[in-house]
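> Return a 3D structure for these sequence lines:
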Amino acid sequence: MSEAAINHLSIYLIKSEFSDWEEVLKDADDPDLRKQEINEKSIFYYEESRSNKPKWLANFFNEALPIETRIYSAFSKALLIIKVEVGGEERIFCVAFGLGRHLIKPWALEERFGLKVTLNTVDPDNLRRIDKTNITSVPKQASEQISRLSTASDFGIDIEQDLITGLAGKSKDDRFGKTIAGKDVLGVSVKVNFDNIDDFLKLCFEKYQSEDYKEYFHWIDQIAETNDPELIANLNDKLIEAIQEKNFEKLWMAVPEMVEWPDVEGFKYGNKKKDNYSEDIEIIAFLGTLSEEEATSLTAEILRAKQVNCFSSSSGQIKYHWSAFNCIYCEVEYEDKTYLLNNGKWYQIDKGFVQAVNREYQEFINREPVVTLPKYHHKNEAEYNIAVSGDENFCLMDRKNISYGGGPSRIEFCDLLTKDNDIIHVKRYGGSSVLSHLFWQGVVSGELFLAEEDFRRKVNEKLDESHKLANPEEKPQASGYKVIFAIISKSEKTLELPFFSKVSLRNTLRRLERALGYPVTLQKIDYEGTQD
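Have a look, this model is predicted:
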């Protein structure tokens with residue numbers, strides 16, 4: 001047998017509950033699908049390729065080119081499904097060719113198979129590309145590629161706030177070729193063909209089960225997005241169970257994105273004109289709008305179909321709208337694991353990480369308030385800040401944006417500043433994206449205030465005479481100021497934040513307090529006449 005040529009392979013591992021060939025296929029009854037049984041352990045599925053002239057030939061060139069121009073396009077779609085004895089059981093692997101991945105049921109794939117093989121095989125000092133999603137704000141997906149081989153730190157990864165979904169780099173194991181890349185799929189260029197594929201798949205499974213990666217990538221398992229439909233269905237059942245049992249300790253609703261509160265008239269669950277506006281989103285109020293039938297047979301599908309509308313005070317029209325499901329935050333324990341529902345997605349969180357974050361948050365929330373703030377009985381944050389600034393101790397800085405750094409950058413130093421140098425950022429309670437944005441604003445303004453003389457001058461121009469800086473040219477001592485995040489909350493309970501907001505706050509503390517020297521506190525602003 002001659003040595004195998006180098007082949008680029010896209011390899012998927014199928015979940016253990018799938019044991020039949022056709023269970024793996026998205027559409028086993030597709031009349032265009034052909035199959036070729038190779039042996040009792042391998043079967044090859046494919047769709048016949050057809051050559052056609054590409055549409056752009058006629059659409060762009062019209063009749064400028066002769067009709068006999070011989071340009072054709074074709075695509076291939078093929079899938080090798082193979083059963084292999086690994087780890088004391090028979091598992092199914094798929095090797096996709098061309099667009100063959102589209103033949104597989106997405107929910108049949110073992111999540112992060114390729115990523116874990118890659119983590120255990122890649123040289124940690126020679127990474128090429130990282131795919132990540134930041135989950136503390138509105139989820140932002142990014143794929144970063146560096147022109148030279150680098151370590152994870154060169155990619156600017158925040159190990160507590162970035163969910164790593166893919167990785168590529170130089171292999172430290174010659175059996176996996178020069179470069180290895182992994183997400184759910186494993187991508188390699190190796191001297192492997194059908195004759196020796198079994199041995200290679202066994203090697204891949206061995207790498208998948210290894211925990212060697214924890215030496216360099218121990219943080220990778222702290223957060224993982226859940227895509228398994230069966231698991232999601234079970235978690236949704238736990239959510240519905242908590243709602244029906246009125247267990248609202250770790251279950252609530254909140255605005256899932258930043259809104260312009262000065263232009264918010266109120267909220268409605270649906271857009272029936274007979275309904276009165278609600279001044280905020282509340283789980284109990286929302287449930288009260290369900291019909292008796294919907295309430296008794298509540299499902300995640302009903303929650304997704306229900307709409308939460310935010311109405312503009314200037315136009316009277318719907319300004320924002322969201323699925324009720326996307327407004328729900330929920331923490332559940334399932335099969336001894338911790339899961340969070342945040343902005344419509346379920347995440348599995350490492351228990352040790354959860355405990356560390358909650359422990360630090362509890363220590364932080366127990367700090368004594370440093371300034372007395374009145375209760376909230378206003379229409380929006382802007383009105384509240386104006387009312388508070390009627391006290392001569394407070395200088396109003398809300399919406400006094402400072403153009404800085406060129407381009408469209410406009411930075412709000414804070415909402416209120418006291419004569420005792422309390423830098424106060426005020427925000428109504430909201431979901432992870434809302435509160436994470438608040439903490440990020442505090443970091444940006446705090447860093448600029450210490451580092452940039454020009455920024456301090458511009459801040460000083462907007463301050464009242466009674467609050468102006470004695471010498472804006474001189475770098476201030478951070479310890480002489482206090483950064484206060486004041487959150488308006490209707491609940492009479494101790495202020496409880498979504499988990500990802502706690503993570504964001506934890507990072508904010510590291511930057512403002514430990515790195516820069518600002519004392520930082522978190523305060524709750526109660527509603528006037530609050531009822532739980």
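> Just want to check the distance between the closest residue to residue 361 other than its chain neighbours and residue 388.
Spatial nearest neighbour of residue 361, excluding adjacent residues (Cβ to Cβ, 6 or more residues apart in numbering): residue 502 at 4.7 Å. (C-beta placed from N, C-alpha, C; glycine too.) Distance, residue 502 to residue 388, using Cβ to Cβ, to the nearest Å: 26 Å.
> Partner strands of the lengthiest strand in the chain, with direction?
Ranked by residue count, the top strand of the chain under DSSP state E comes out as strand 122-134. Note on strand 122-134: by DSSP bridges, its sheet partners are strand 140-150 (antiparallel), strand 162-171 (antiparallel).
> As a check, name the ranges of all helices in the stretch 201-350 of the chain.
214-217, 229-244, 283-287, 292-296, 300-305 (DSSP state H, counting those that start in this stretch).
> To residue 51, which of the ones you listed lies closest?
Judged by Cβ to Cβ, the one of the helices of the stretch 201-350 of the chain that comes nearest to residue 51 is helix 229-244, at 37.0 Å.
> And the closest one, what does it pack against?
Packing contacts for helix 229-244, counted by 3 or more Cβ pairs under 8 Å, 6 or more residues apart in numbering; DSSP states H and E, involve strand 251-253, helix 300-305, strand 328-334, strand 337-342, strand 345-349.
> can you redo those as TSV with mean neighbour count, mean pLDDT and distance to residue 268?
Formatted as TSV, the helices and strands packed on helix 229-244 follow (neighbours: other Cβ atoms under 10 Å; pLDDT from 0 to 100; distance: least, Cβ to Cβ, whole Å):
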stretch	mean neighbour count	mean pLDDT	distance to residue 268
strand 251-253	21	88	13
helix 300-305	15	93	15
strand 328-334	19	90	17
strand 337-342	20	88	23
strand 345-349	19	89	25
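> now those as TSV including distance to residue 191?
Shown next, in TSV, are the helices and strands packed on helix 229-244 (distance: least, Cβ to Cβ, whole Å):
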stretch	distance to residue 191
strand 251-253	54
helix 300-305	47
strand 328-334	43
strand 337-342	40
strand 345-349	37
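> do you know which of these lies nearest residue 30?
So among the helices and strands packed on helix 229-244, helix 300-305 is nearest, using Cβ to Cβ, at 27.3 Å.
> And the contacts of the closest one?
Helix 300-305 is contacted by residues 236, 239-240, 290, 294, 323-325, 328 when judged by Cβ atoms under 8 Å, 6 or more residues apart in numbering.
> Take it, keep the C-alpha atoms, and write them as CSV.
Extracted in CSV, the C-alpha atoms of helix 300-305 (Å, rounded to 0.1, in the frame of the first residue of the first chain):
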residue,chain,number,x,y,z
ALA,A,300,-41.1,28.4,25.7
GLU,A,301,-42.8,28.8,22.3
ILE,A,302,-45.6,30.9,23.9
LEU,A,303,-42.9,33.1,25.6
ARG,A,304,-41.1,33.5,22.2
ALA,A,305,-44.4,34.5,20.5
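> now that helix, how far from the centre of its chain.
21 Å (Cα atoms, centre = their mean, to the nearest Å).
> same check, this time on stretch 297-305
For stretch 297-305, the distance to the chain centre is 23 Å (Cα atoms, centre = their mean).
> Quick check: the two most widely separated of the contacts of helix 300-305?
236 and 290 (16.4 Å).
> So what's the residue count around the residue nearest to residue 361?
By other Cβ atoms under 10 Å, 23 other residues sit near residue 502.
> what's downstream of whichever helix or strand it is part of, the next helix or strand?
Assessed by DSSP states H and E, residue 502 sits inside helix 499-509. For helix 499-509, the following helix or strand on the C-terminal side (DSSP H and E) is strand 520-526.
> and that following strand with helix 499-509, angle?
Put simply, strand 520-526 runs at 140 degrees to helix 499-509, going by axes from the mean of the first three to the mean of the last three Cα atoms, to 10 degrees.
> Show me which positions of strand 520-526 end up buried.
520-526 (16 or more other Cβ atoms under 10 Å).
> again with stretch 350-368
So for stretch 350-368, counting by 16+ other Cβ under 10 Å, buried means 350, 353-354, 357, 361, 364-365.
> send the alpha carbons of it over as PDB?
Extracted in PDB, the C-alpha atoms of stretch 350-368 (Å, rounded to 0.1, in the frame of the first residue of the first chain):
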ATOM      1  CA  ASP A 350     -18.400  26.200  35.400                       C
ATOM      2  CA  LYS A 351     -19.500  25.900  39.000                       C
ATOM      3  CA  GLY A 352     -16.200  27.000  40.500                       C
ATOM      4  CA  PHE A 353     -16.400  30.100  38.300                       C
ATOM      5  CA  VAL A 354     -20.000  30.800  39.500                       C
ATOM      6  CA  GLN A 355     -19.000  30.500  43.100                       C
ATOM      7  CA  ALA A 356     -15.900  32.700  42.700                       C
ATOM      8  CA  VAL A 357     -17.900  35.500  41.000                       C
ATOM      9  CA  ASN A 358     -20.800  35.300  43.400                       C
ATOM     10  CA  ARG A 359     -18.500  35.400  46.400                       C
ATOM     11  CA  GLU A 360     -16.700  38.500  45.200                       C
ATOM     12  CA  TYR A 361     -20.000  40.100  44.300                       C
ATOM     13  CA  GLN A 362     -21.400  39.500  47.800                       C
ATOM     14  CA  GLU A 363     -18.300  41.000  49.400                       C
ATOM     15  CA  PHE A 364     -18.700  44.000  47.100                       C
ATOM     16  CA  ILE A 365     -22.400  44.600  47.600                       C
ATOM     17  CA  ASN A 366     -21.900  44.500  51.400                       C
ATOM     18  CA  ARG A 367     -19.800  47.700  51.300                       C
ATOM     19  CA  GLU A 368     -21.400  50.700  53.000                       C
END
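> Contacts made by that stretch with the rest, please.
Contact with stretch 350-368 is made by 160, 221-223, 337-338, 494-495, 497, 499, 502-503, 505-506, 509, 521-522, as judged by Cβ under 8 Å, 6+ apart.
> Domain ranges for the protein, per the record?
7-221, 229-349, 358-526 (automatic domain parsing).
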